[in-house]
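Trainee: Please work out how this folds:
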Amino acid sequence: MKPLSQLLILSFLILCPTLYGQIKYEREHRIKKSQFPNKALHYIGEKLEGSRKIRFYKEIDSSVVSYEARFKKDRLRYSVQFNEQGELEDVALLIKPVDIPEDTYNAINQYLGAEFNKYRIRRMQQRYPVVTANAEKTIKNAFQNLLLPSIKYKLTVAGRKDKKRQQYNVLFDAEGNFENLRRSLPPNYDHVLY
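Mentor: Residues are numbered from 1 along each chain as shown. The predicted structure follows:
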């Protein structure tokens, strides 16, 4: 009986960390332009002409590192995300509820109302993921602000579940169908010295 219990404890210790490993937490911090991948800088260099408030970020997920350039162009706030090799992952822009089709927005609100006791939408993004290897077309569509069937809506929601308040990132497709829900970590305040 003793070897069986040892085997059970050993399997428990091996399997539990992998179950918790499925939860992804992301944290981002601002970096200098010189720390941004050169390939990505060359790629978006011409797109940044006429842009203001250009900022560069490094986002560390539990398993992936990505880089993000944020800027304001034509009164819209854009975010262009790259992987470590400098290849385009997606383009996003901040939007307001009036920018989403009414049916889609109603479907999103219906899901959020069912998921949370109480919620407030803090931020909305319209994301253009690179669907095929054609990154130029993705950037062109994003800067024209086209409503395509491949776009995603990412919402940062402050919600209450079972008397616990937490901030979440919720992902929906172009029709308002739920795709993903992740807890969001609070901002990184490591730079603050007491």
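Trainee: hey, where'd the helices end up in the protein?
Mentor: With DSSP state H as the definition, the chain shows helices at residue ranges 2-20, 38-44, 102-115, 135-144.
Trainee: Quick one: list the elements packing against the shortest one.
Mentor: In this case it means helix 38-44. Helix 38-44 makes packing contacts with strand 65-73, strand 76-83 when contacts are defined by 3 or more C-beta pairs under 8 Å, 6 or more residues apart in numbering; DSSP states H and E. No exception for glycine: its C-beta is placed from N, CA and C like everyone else's.
Trainee: Please identify the buried residues of it?
Mentor: By neighbour count, with 16 or more other C-beta atoms under 10 Å as the criterion, the buried positions of helix 38-44 are 40-41, 43-44.
Trainee: Contacts for that helix, please.
Mentor: Applying C-beta atoms under 8 Å, 6 or more residues apart in numbering, the contact partners of helix 38-44 are 33, 67, 69, 80, 82, 85-88, 135.
Trainee: Tell me the one among these nearest to Leu48.
Mentor: The shortest gap between Leu48 and any of these belongs to Ala69, at 7.6 Å (C-beta to C-beta).
Trainee: What's the local residue count around the closest one?
Mentor: The number of residues packed near Ala69 is 22, by other C-beta atoms under 10 Å.
Trainee: need the longest strand for the protein.
Mentor: Taking DSSP state E as the criterion, the chain has its longest strand at strand 118-129.
Trainee: Pull up the pairing partners for that strand, direction included.
Mentor: Strands adjacent to strand 118-129 in the sheet, as given by DSSP bridges, are strand 88-94 (antiparallel), strand 152-161 (antiparallel).
Trainee: domains for this structure, by residue range?
Mentor: As recorded under automatic domain parsing, the domains making up the chain are 26-86, 89-185.
Trainee: centre of the chain versus the first one, how much separation?
Mentor: If you compare the mean C-alpha spot of domain 26-86 with that of the full chain, they lie 13 Å apart, counting by C-alpha atoms, centre = their mean, to the nearest Å.
Trainee: Fine, thanks again, bye for now.
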